[in-house]
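1. pasting the structure only:
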C-alpha cells in the first residue's frame with residue numbers, strides 16, 4: 001500500500017458542493033451527505049490504474065490507461081515525449097484523469113505540464129517504488145508530467161443520490 005498522502009500546510013482543501021446538472025437527475029440540492037475530500041484523496045492515491053484523456057489537435061479525445069502517483073493533491077506520471085498524450089498535452093494541457101474503480105468513480109479535470117525531475121518531491125519516487133515495484137525515473141525520450149486538478153467529481157454508485165460531490169480547487 002502506498003504511503004499516506006501528505007498535504008502541505010499552505011494548501012487549502014478544495015471546496016465541496018454538488019455538481020451542476022439539469023433538473024431531473026434526482027441529486028439533492030442540500031450539502032448534507034457531501035463526501036469529505038479525504039474520501040477522494042484516499043481513492044486517488046490508492047488507485048493502481050488510471051485513464052487519462054487528452055485532446056488531439058483536431059479536437060478528438062484520446063484516452064489511455066496508465067500508472068501514476070497522486071501525491072499532495074497532484075498527479076504525477078511519466079510518458080515518452082513521442083507518445084500521443086505527450087503530443088496532445090504540448091498543444092493543449094487540459095486533461096481528465098479517471099480512477100480505476102467505477103463503483104466509486106472519481107473524475108479529475110485539470111492541467112498537465114511537463115515538470116523537472118528535480119522539482120518532484122522524493123516521496124513521489126518512493127511511492128512509485130512501493131506501488132508498482134519501480135521508481136519513476138528519467139529515461140531517454142521520457143518526460144515527467146504534473147497534473148494539477150481544477151475540479152474533481154465523485155459518483156459513488158452505492159450512495160450516488162446522496163453523496164455525489166464536486167470539489168473545486170482555487
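-> Now that the structure is in, tell me what you want to look at. From a predicted model like this one, the values you see are computed outputs, not experimental measurements.
2. pull the number of nearby residues for residue 49.
-> Residue neighbour count, defined by other CB atoms under 10 Å, stands at 12 for residue 49. (Glycine included, C-beta is placed from N, CA and C.)
3. so which strand or helix has residue 70?
-> Taking DSSP states H and E as the definition, residue 70 sits inside strand 69-71.
4. quick check: next helix or strand after that strand?
-> Using DSSP H and E, the helix or strand that follows strand 69-71 in sequence is strand 74-80.
5. name every strand pairing with that following strand and say which way it goes.
-> Here strand 74-80 is paired, per DSSP bridges, with strand 69-71 (antiparallel), strand 142-156 (antiparallel).
6. any idea which of those is most buried?
-> Most buried of the strands paired with strand 74-80, by mean neighbour count (mean count of other CB atoms under 10 Å): strand 69-71, with a mean of 26.
7. what mean pLDDT would you report for that one?
-> The average pLDDT within strand 69-71 is 97.
8. list the contacts of that strand.
-> 2, 5-6, 41, 44-45, 47, 75-77, 121, 123-124, 127-128, 131, 136 (CB atoms under 8 Å, 6 or more residues apart in numbering).
9. what's the answer for stretch 139-151, then?
-> Outside stretch 139-151, the residues within contact range by CB under 8 Å, 6+ apart are 14, 52, 73-82, 86, 89, 95, 97, 108-117, 120, 136, 138, 166-169.
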